[in-house]
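S.K.: below is the structure, and that's it, no one-letter string:
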């Protein structure tokens, strides 16, 4: 779907899960998530990088538990084995709290909230974080690091935090960030934390960002280092304070079918002290906005996806993003 076919695309195509297995996993996840009260907005399966070279089914196959306190939440999401952890009501955390592999952390109803602290997916895989409101975090709301992989962050909302809302770094890979709502926040999504971390990050940091709503946020939607291809499609940007997407330091970013409204700088090459990466922009829709800076080549996207018309994205995303 982009310029050329990269080595990463070829590897991902060879390693992709067989269709029959994918169908079986999809059915299992749908069966487990379907009965959960108030989770109708959440999707049954991801689209994008979280589907390549493996599965992202979270806690499917494990027990379902409901938590109402910080101590319960921390204990359940750090437990061994697959588990679906349902968050009910508002839970106050502090600092960053580890999430172990094979977990689904999902809010019950539209008001399930994690306030004050954040979730740290560190050296973990097969994690789903869905249908939650994150408020006032003191570090990051969600942080992926240390080669975590196959993570899906979907249908959450983020506001009023300290640092990153969703930061992905230190060799993490195969991630989809979809249908989230971000508002009243500055540093939204960092992908790749340092220009000096290429040995760990090259060939990784492959992320799909789709159908997210950035409402009056400042920057990093996302800010990308090394990841190639990073796929940014069908997102809604409105009243963006600084810039939309930035491609820096050996990155390759495909920006397509997005809706930019009241955004002076939709796409930038380079940011701060980081040199320009590559960025391909196509079929985007602009209302009272600047244009996308673009240049270079981006690796091919190895998965199937369905594009909404860019002119329809604002209404589609406003009606579907968040818990």
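M.R.: Cool, got the structure. None of these values were measured; they are calculated from a predicted model.

S.K.: start and end of stretch 248-260, how far apart?
M.R.: By Cα to Cα, to the nearest Å, the extent of stretch 248-260 from end to end equals 20 Å.

S.K.: can you tell me the average pLDDT over it?
M.R.: The average pLDDT within stretch 248-260 is 98.

S.K.: what ranges does the stretch 201-323 of the chain have for its helices?
M.R.: Applying DSSP state H, counting those that start in this stretch to the stretch 201-323 of the chain gives helices spanning 313-320.

S.K.: please verify my assumption that residue 224 contacts residue 276.
M.R.: No. In this structure residue 224 lies outside contact range of residue 276 using Cβ atoms under 8 Å: 11.2 Å. Bear in mind the C-beta positions are built from the backbone N, C-alpha and C, glycine included.

S.K.: list residues touching both of the two?
M.R.: 247, 248 (Cβ atoms under 8 Å, 6 or more residues apart in numbering).

S.K.: quick one, which of those two is more surrounded?
M.R.: Taking other Cβ atoms under 10 Å, residue 224 and residue 276 do not tie; residue 224 has more neighbours (31 against 18).

S.K.: and the more buried one, how far is that from residue 243?
M.R.: Residue 224 sits 12 Å away from residue 243, taking Cβ to Cβ, to the nearest Å as the criterion.

S.K.: can you check residue 61 too?
M.R.: Taken as Cβ to Cβ, the span from residue 61 to residue 243 is 42 Å.

S.K.: ok, those two, which is more surrounded?
M.R.: Neighbours per residue (other Cβ under 10 Å) separate residue 61 from residue 243, with residue 243 holding more: 21 against 15.

S.K.: for the more buried one, which non-adjacent residue is closest in space?
M.R.: Nearest residue to residue 243, sequence neighbours excluded (Cβ to Cβ, 6 or more residues apart in numbering): residue 265, at 4.2 Å.

S.K.: okay, now residue 160: neighbour count?
M.R.: Residues near residue 160, counting by other Cβ under 10 Å, number 12.

S.K.: cool, residue 193 as well?
M.R.: When counting by other Cβ under 10 Å, one arrives at 17 neighbours for residue 193.
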